[in-house]
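> need coordinates for the below:
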Amino acid sequence: MARILWADDEIESLKPHLLFLKNKGFEVIAVNSGVEAIEKVAESKFDLIFLDENMPGISGLTTLEEIKKIKSSIPIVMITKNEEEMIMEEAIGKQISDYLIKPVNPHQILMAIKKLLDGKRLISETNSSSYRQEFNKISQDLNLVDSLAGWKEIFQKLTYWELQLEISDQNMVEVFHMQKDEANQLYSRFIDRNYEEIIQSNELLSHNLLKSELFPELNNQSYFLIVIDNLRYDQWLILKPIVEDLFSIESEGIYSSIIPTTTQYARNALFAGISPLEISKRYTHKWVSEEENEGKNLHEDFFFNENLRRNHLNLKTSYHKITNLNAGKRLVQQIDNLKNNDINTIVYNFVDTLSHARTEMEVIKELAEDESAYRSITLSWFKHSPLFDILKRISNTTSKVFLTTDHGTVRVKNPSKVVGPKNTNSNMRYKVSKNLTYQSKDVIEALHPEKINLPKSNISSSYIFAKEDKFFVYPNNYNHFAKLYNDTFQHGGISMEEMLIPYVKLTRK
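Numbers count the residues shown, from 1 in each chain. Purely as a prediction, here's the structure:
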């Protein structure tokens with residue numbers, strides 16, 4: 001039973017309200033002043049406080065401030081006759097939970113109680129009920145979808161429900177994850193059957209995203225192109241409300257990363273505007289093969305400028321790669337000097353760094369133990385990051401922002417044995433080499449890489465991509481590495497989370 005404290009110097013006139021609440025099962029303690037309210041809070045526990053704003057002696061606002069010093073988390077509803085905006089703003093600034101204007105009726109009071117004390121439970125029950133109704137429709141759609149556009153739509157629905165169900169009962173969350181796992185199984189089959197056709201089509205993919213969605217505007221409008229490495233669609237959705245405080249969203253959508261879903265392939269293709277196979281042929285001296293130790297993403301600025309040149313865009317550009325806090329802080333101070341450029345490219349690497357740190361550091365793994373926590377830590381980082389400060393600075397210019405990513409990441413849970421030569425690449429979601437041995441049911445094979453626009457180092461090289469939540473482990477010390485990398489976030493393979501990723505255009509408010 002919830003305990004409620006109600007402080008009002010005219011408490012006698014509120015007896016009908018108090019009786020109404022008692023009949024609803026609440027224990028209500030009534031006091032006549034702010035001083036009494038403070039004393040009661042100091043000596044006893046309450047779930048909710050109703051506080052009159054205009055009381056003799058200590059005012060409601062002062063009482064509010066003193067109560068917050070004693071118990072900062074307790075929800076407080078301010079009740080007042082005063083409709084002045086200044087009073088409302090001060091009360092909100094002192095962290096009231098709700099604000100009611102006298103005269104109030106019992107049902108208003110009951111609604112405030114339910115919202116503050118039962119809100120999470122009611123939202124959970126409503127979401128669970130709504131998802132039960134939607135479950136069958138999504139299941140039907142999964143059996144009928146036959147296009148990349150259809151898969152984008154399903155992925156958006158699943159991501160919506162994933163975010164909605166975070167506070168729902170565990171049974172419903174488990175049902176959702178079973179449906180999502182089924183979706184990824186079917187999506188992998190779809191990619192297996194259709195990727196060769198998709199990569200040759202006009203679908204919105206890594207290598208044609210910028211040409212399709214950004215380049216048509218560059219002759220008339222200055223832009224900041226921001227690529228947040230390894231940003232999943234769900235992560236974008238939890239950042240979106242903060243970004244919307246700064247910008248209006250002109251348009252947003254989902255495009256598909258090419259495979260492998262890694263920087264070397266997907267991000268180089270994003271900047272170059274051509275496939276990895278064509279990059280390797282056209283810019284032989286810039287393409288770094290899997291066997292080489294050189295960094296695989298050292299030429300993005302070159303690729304991007306070549307892309308602009310091929311599209312007859314003679315523009316003033318800049319390029320910035322942010323890999324640490326200090327570099328981000330320095331860039332914040334440069335924004336005013338960059339606003340006169342036609343296009344400024346910023347590659348921000350933190351989310352990818354977080355993903356790898358979660359694999360390598362136990363403390364980060366505990367902080368981001370599942371998708372929900374992973375989203376939460378991404379949100380916390382963003383709020384306090386130089387990237388947020390960069391966006392603030394840009395929002396004060398006339399430039400627009402094109403924000404996107406190169407690939408996503410998936411939480412892996414099922415190890416799959418693979419054997420290859422010593423020089424086989426180390427990525428746990430794809431392998432490229434000759435003489436690979438693997439479990440066919442766990443992978444999608446590309447025995448002729450050129451058919452999906454991928455280069456090969458040797459004439460007999462082939463690629464394999466892990467499906468769904470699989471990850472590759474060598475037989476040597478298999479159990480150790482299977483345990484070490486289980487439940488980590490990886491990329492390079494085939495899943496909706498890795499391949500179906502966001503892009504958004506932001507304009508000044």
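> CA only for contacts and neighbour counts going forward, please
Noted.
> so where do the strands sit in the stretch 401-509 of the chain?
Along the stretch 401-509 of the chain, the stretches classed as strands by DSSP state E, counting those that start in this stretch are 410-411, 414-419, 430-433, 437-438, 443-446, 462-466, 470-473, 489-490, 500-508.
> where does this protein have low pLDDT?
Using pLDDT under 70 as the threshold, the predicted model of the chain has low-confidence ranges 82-94, 291, 293-294, 351-369.
> top helix in it by residue count?
For the chain, the helix that runs over the most residues, judged by DSSP state H, is helix 170-199.
> counting by contacts, list what whatever helix or strand comes next after that helix packs against.
If you walk from helix 170-199 toward the C-terminus, the next helix or strand you reach (DSSP states H and E) is helix 209-213. Of the remaining helices and strands, those touching helix 209-213 by 3 or more C-alpha pairs under 8 Å, 6 or more residues apart in numbering; DSSP states H and E are helix 268-272.
> contacting residues around the following helix or strand past the helix it packs on?
Stepping forward along the backbone from helix 268-272, the first helix or strand reached (DSSP H and E) is helix 276-282. Contact with helix 276-282 is made by 265, 268-269, 272, 286-287, 450, 453-455, as judged by C-alpha atoms under 8 Å, 6 or more residues apart in numbering.
> what do you get if the cut-off is 10 Å, keeping everything else the same?
The contact list for helix 276-282, computed with C-alpha atoms under 10 Å, 6 or more residues apart in numbering, reads 207, 258-259, 264-270, 272-275, 283-289, 303, 449-456.
> is residue 51 in contact with residue 101, as I believe?
No. Because the distance of 11.7 Å does not satisfy C-alpha atoms under 10 Å, residue 51 is recorded as not touching residue 101.
> okay, buried residues for stretch 113-133 please.
113, 115-116, 123-125, 127-128, 131 (16 or more other C-alpha atoms under 10 Å).
> ok, back up a step: report the distance from the longest helix of the chain to the chain centre.
19 Å (C-alpha atoms, centre = their mean, to the nearest Å).
> which secondary structure elements does it sit against?
Helices and strands touching helix 170-199, as assessed by 3 or more C-alpha pairs under 10 Å, 6 or more residues apart in numbering; DSSP states H and E, comprise helix 119-144, helix 148-164, strand 443-446, helix 496-499.
> relative to residue 390, which of these is closest?
Residue 390 sits nearest to helix 496-499 of all these, at 26.2 Å, using C-alpha to C-alpha.
> give me the contacts around that closest one.
Taking C-alpha under 10 Å, 6+ apart as the criterion, the residues outside helix 496-499 that touch it are 151-152, 154-155, 159, 180, 183-185, 187-188, 205-206, 230-234, 254-262, 266, 406-411, 468, 490-493.
> now list the buried members of the residues you listed.
Buried, going by 16+ other C-alpha under 10 Å: 151-152, 154-155, 159, 180, 183-185, 187-188, 205-206, 230-234, 254-262, 266, 406-411, 468, 490-493, out of those.
> and residue 107, how many neighbours?
For residue 107, the neighbour count with other C-alpha atoms under 10 Å is 12.
> the helix or strand that contains it vs helix 119-144, what angle?
Residue 107 belongs to helix 106-117 when assigned by DSSP H and E. If you take axes from the mean of the first three to the mean of the last three C-alpha atoms, to 10 degrees, helix 106-117 sits at 70 degrees to helix 119-144.
> which outside residues touch helix 106-117?
Counting by C-alpha under 10 Å, 6+ apart, 2, 4, 14, 16-21, 24, 26, 47-50, 75-77, 97-100, 118-123 sit against helix 106-117.
> what's residue 322 in contact with, if anything?
Residue 322 neighbours (C-alpha under 10 Å, 6+ apart): 228, 328-331, 346-350, 386-387.
> brain fart, residue 7
Residue 7 makes contacts with 29-38, 49-53, 55, 60, 63, 78-79, as judged by C-alpha under 10 Å, 6+ apart.
> separation between it and residue 46?
As defined by C-alpha to C-alpha, to the nearest Å, residue 7 lies at a distance of 13 Å from residue 46.
> the most centrally placed residue in the chain: what secondary structure?
Among the residues of the chain, the one closest to the centroid is residue 235, at 0.5 Å (C-alpha atoms, centre = their mean). Look at residue 235: counting by DSSP: H, G, I helix; E, B strand; the rest coil, its state is helix.
> ok, it touching residue 374?
Yes. Here residue 235 lies in contact with residue 374, judged by C-alpha under 10 Å, at a distance of 8.4 Å.
> still on that earlier bit, tell me the one among the buried residues of stretch 113-133 nearest to residue 168.
The nearest one, if we look at the buried residues of stretch 113-133 relative to residue 168 and count by C-alpha to C-alpha, is residue 124, at 4.4 Å.
> excluding its backbone neighbours, what's nearest that closest one?
Counting by C-alpha to C-alpha, 6 or more residues apart in numbering, the nearest residue to residue 124 once its immediate chain neighbours are dropped is residue 168, at 4.4 Å.
> what's the neighbour count on that neighbour?
Residues near residue 168, counting by other C-alpha under 10 Å: 19.
> any idea how far residue 176 is from it?
Taking C-alpha to C-alpha as the measure, residue 168 falls 11 Å from residue 176.
> overlap in contacts, those two.
residue 128.
> let me see the domain layout of this protein.
Structural domains assigned to the chain are 3-117, 133-199, 208-410+498-508, following automatic domain parsing.
> I'd like these as CSV, with distance to residue 440 appended.
Supplementary listing: these in CSV, determined by distance: least, C-alpha to C-alpha, whole Å:
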stretch, distance to residue 440
domain 3-117, 53
domain 133-199, 12
domain 208-410+498-508, 17
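> could you single out the most deeply buried of those?
Comparing these on average neighbours per residue, with mean count of other C-alpha atoms under 10 Å, the densest one is domain 208-410+498-508 at a mean of 19.
> span of that domain from start to end?
Where domain 208-410+498-508 starts and where it finishes are 26 Å apart, if you go by C-alpha to C-alpha.
> how about the closest residue to residue 447 other than its chain neighbours, what does it touch?
Excluding its sequence neighbours, the residue lying closest to residue 447 (C-alpha to C-alpha, 6+ apart) is residue 462, at 4.7 Å. For residue 462, the contacting residues are 431-436, 445-450, 454-456, by C-alpha under 10 Å, 6+ apart.
> what of residue 371?
Counting by C-alpha under 10 Å, 6+ apart, residue 371 touches 162-163, 166, 234-235, 377, 410-411, 489.
> and the gap between it and residue 377?
Taking C-alpha to C-alpha as the criterion, residue 371 is separated from residue 377 by 10 Å.
> alright, I will stop here.
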